[in-house]
Every structure is written in C-alpha cells, then in structure tokens.
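Asks: Got a sequence here, can you model it:
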Amino acid sequence: METRCSSMVAVFFFVAAALMVCSSVKATPTQSFEENFNIMWSENHFTTSEDGQIWNLALDNDTGCGFQTKHMYRFGWFSMKLKLVGGDSAGVVTAYYMCSENGAGPERDEVDFEFLGNRTGEPYIVQTNVFKNGTGNREMRHSLWFDPTEDYHSYSILWNNHQLVFFVDRVPIRVYMNSDKVPNNDFFPNQKPMYLFSSIWNADDWATRGGLEKTDWKKAPFVSSYKDFAVDACRWKDPFPACVSTTTENWWDQYDAWHLSKTQKMDYAWVQRNHVLYDYCQDRERFPKLPWECSITASSTESPSQSPTPTPLNISQQNGAQSGVQNEISNGAMNKQNVYYLIYGIIIFFIYSLL
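Replies: Numbering: from 1, shown residues only. Modelled structure (predicted):
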C-alpha cells in the first residue's frame, strides 16, 4: 500500500510537472512595446491597450507620431498587424517601412509600405517604394480586396539577397528582385542594415488624389493601431554580426525563399490582374527607358502556365495556408502541438502502468 501511494504521489508530481511544461510550451511569448520599439516623437500621441499589446498612433492638427525598432536588421522576415484610420482619412498617411537611417538622409536605403487615406466610402491605396542610396522612384500602388479599417491585417516584408517581397495577409503583392547573374541589380538594397519604423502624418499636399483632397481636421484625431509584431531576422551588431555570413542557415534566406513558390506565383498573378493601380515599370512617359530591374522581376514572377486561375475566393482561402513562407511560420505552432501530444501520451502511459 505504501509503495502504491508513493507511486501515485510520483505520478501526481509528474503530471503536475508535465502540465507546467505543456503550459509553458503552449503560451506564445509576447513582448511589450517597450521591449521592441522606441517612440520617435510626440509621445503624448501614443497610447496602448491595457495589456500593452495594441499600440495606437494619433494624428491631429498639431502633429503625428511614430516609433522605430531598437535594433537594426539585415535580411529576414518582418511582419506587423495594422488597423488603419477609419472614416474620412483623406490626406492622412500611415507609413510602415524599413530604413537604414533615423531620418530621410541623402544616402539612405528604404523599403516602404504607405497607406494613403481617402474620403469616406472610398478605398485605401497602398503605395510601396524602394530606395537605394537616397534615390527612390520605384513606386507601385495597389488597391486591397478588403476594408483595412474594419479589422487587423498583416503586412510583411521578406528580405534576402535575392528578393524583396511585400505581403498583405501572406499574399505577395509586390516582388522586387535582385539578379543571380552578373551584373546584379545595382538598385537592390542589400548592403545596409535597417530599422523598422511606423508613423502617421499629414500629407494632404499629395496623398489623396494628388493633393486635391485636403485633411478634414474636424475629424481628428486620426488613429492607426498595431499589434503582433514578428521578426525573424539577422540582428545587426557592429562591425558585423555573425549571422551576416550564415544567413542561409535560416529559412528566410534558403533556396525556397529566393523566389516565389507555385502557389505564391498564382496569388501574385491574381493581384497583378486585379489590384495594381500603378507600376513604375509600365510608365513609359516617366521612364522612356525602363529601369533595368523591371526585366528581372517580370521574368522571375511569371505564373505557371498550367495553373488554374485564382479568384478572390482562392486568395481568401489560401491566406495563412500553403506558401513556403506560410509553412515556415506555421511549423512552430505544429511543433508545439506535437509536444502536447507527446506529453499527454507519456502521462496516460504512466497512469495506466500503475493501475
């Protein structure tokens, strides 16, 4: 009897310990705003939710607000969920971008998402741009297949030495390629580490209908919200971090991340057909001789000829599902689930062995 009680006590402690392990595995680690970011200006225009996991930036007639990561990165995966300013947001720009400098320096590299506000009932426009050594002029503009003011949506950047990919809810909307052949794309930002920034500011001199629609300050404050920042990248440390020479050990710089997958190409082709509003590579008036990198991207993102034509429903169903990038992100959750099953299996085995 004493032996049996001792065994049951041991099982009790084993179960308790296993449940603690299971709980620690299941809990997704979250970081507060202070652990990742610094406020750049106007701290009184910045607020958070009670638990610190939702961050709000406000714009009024006095000023906007912005934040930046505490660390710089060179190559990786960067993602954030945003809910944009609702209602009449004409003239308001919410920017989510990476930049090699704290300000708009003359030699900066930069990769931009800019969300251009509009009058009530009119859709948002997403503008992306790429800068190298202070020069940009690589704009694209897209519409979205949802209302970005009603809920949070993820906006992500995959950056390695082969391509820059802009994702919206894991759907690639823009691909900016380097070249694997000589000469490389000399306008590809691959030398300088970058911070990640976000800000809200007034740009009614150009943002909405070329500046024709002005900001209605009676609607202020304009608030954009953020949550679920995720980064899997090479964190910079002067003079060079060790990961600079070992980036191919990470999924975001392995072969499958150097180009779009078949499914991603289908999604990308659907976006190109249905949501591109402006592409500098199609602007012969502005560029009589197109920039050289336009030919690289065009040849690298052709959709498989035998693939079925995706529809908006396909895109919605595929979000967070099939692409290589998506699988990499979801593998962690699946591994955790396998740990749960293993722990519960061991517990059941020990209990039955003592009965």
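Asks: low pLDDT regions in this structure?
Replies: Applying pLDDT under 70 to the chain flags residues 1-31, 182-184, 298-301, 303-355.
Asks: Against Leu164, how distant is the residue nearest the centre of it?
Replies: The centroid of the chain falls nearest to Ser156 when counting by CA atoms, centre = their mean (1.7 Å). Separation of Ser156 from Leu164 (CB to CB, to the nearest Å) stands at 11 Å. All C-beta atoms are positioned from the backbone trio N, CA, C, and that covers glycine.
Asks: go on, Thr248?
Replies: Per CB to CB, Thr248 is found 17 Å from Leu164.
Asks: now swap in Glu43 and tell me
Replies: 32 Å.
Asks: Comparing Thr248 and Leu164, which residue is more hemmed in?
Replies: Leu164 (21 against 15; other CB atoms under 10 Å).
Asks: List the residues that contact the more buried one.
Replies: 111, 130, 157-158, 175-177, 188-189 (CB atoms under 8 Å, 6 or more residues apart in numbering).
Asks: how about TSV for these, with distance to Asp283 and secondary structure added?
Replies: Shown next, in TSV, are those (distance: CB to CB, whole Å; DSSP: H, G, I helix; E, B strand; the rest coil):
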residue	distance to Asp283	secondary structure
Val111	20	strand
Val130	15	strand
Ile157	23	strand
Leu158	25	strand
Val175	18	strand
Tyr176	16	strand
Met177	18	strand
Phe188	20	coil
Pro189	21	coil
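Asks: Tell me the one of the residues you listed nearest Trp55?
Replies: Distance to Trp55, by CB to CB, is smallest for Ile157 among the contacts of Leu164, at 18.6 Å.
Asks: ok, the closest residue to that closest one other than its chain neighbours - contacts?
Replies: Leaving out its chain neighbours, the residue that sits closest to Ile157 by CB to CB, 6 or more residues apart in numbering is Phe78, at 4.8 Å. Contact analysis of Phe78 by CB under 8 Å, 6+ apart lists 98, 156-157, 159, 196, 230-231, 233.
Asks: mind redoing it with 10 Å?
Replies: 69, 96, 98, 111, 155-159, 167, 194, 196, 229-233, 252 (CB atoms under 10 Å, 6 or more residues apart in numbering).
Asks: Filter those down to the buried ones and hand me the ChimeraX line.
Replies: Typed into ChimeraX, the line below selects the buried ones among the contacts of Phe78, using 16 or more other CB atoms under 10 Å:
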select :69,96,98,111,155,156,157,158,159,167,194,196,229,231,233,252
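Asks: Narrow the contacts of Phe78 to those in strands?
Replies: Mapping the contacts of Phe78 onto strands (DSSP state E) picks out 69, 96, 98, 111, 155-159, 167, 196, 229-233.
Asks: farthest-separated two in those?
Replies: By the measure CB to CB, Thr69 and Phe167 form the most distant pair in those, at 18.5 Å.
Asks: buried set for stretch 109-126?
Replies: Result for stretch 109-126 [16+ other CB under 10 Å]: buried residues 109-118, 124-126.
Asks: ok, Ala233 to Phe240 distance?
Replies: For Ala233 relative to Phe240 (CB to CB), the value is 15 Å.
Asks: And the helices in the stretch 201-350 of the chain?
Replies: Remark: helices assigned in the stretch 201-350 of the chain by DSSP state H, counting those that start in this stretch are 262-274, 293-300, 312-318, 324-354.
Asks: list the helices and strands the first one packs on?
Replies: Right, helix 262-274. strand 140-142, strand 163-168, strand 171-177, helix 312-318, helix 324-354 (3 or more CB pairs under 10 Å, 6 or more residues apart in numbering; DSSP states H and E).
Asks: if we go to 6 Å?
Replies: Packing contacts for helix 262-274, counted by 3 or more CB pairs under 6 Å, 6 or more residues apart in numbering; DSSP states H and E, involve strand 171-177.
Asks: in its sheet, what does the strand it packs on sit against?
Replies: strand 163-168 (antiparallel) (DSSP bridges).
Asks: can you give me the angle the partner strand makes with helix 262-274?
Replies: In terms of direction (axes from the mean of the first three to the mean of the last three CA atoms, to 10 degrees), strand 163-168 departs from helix 262-274 by 70 degrees.
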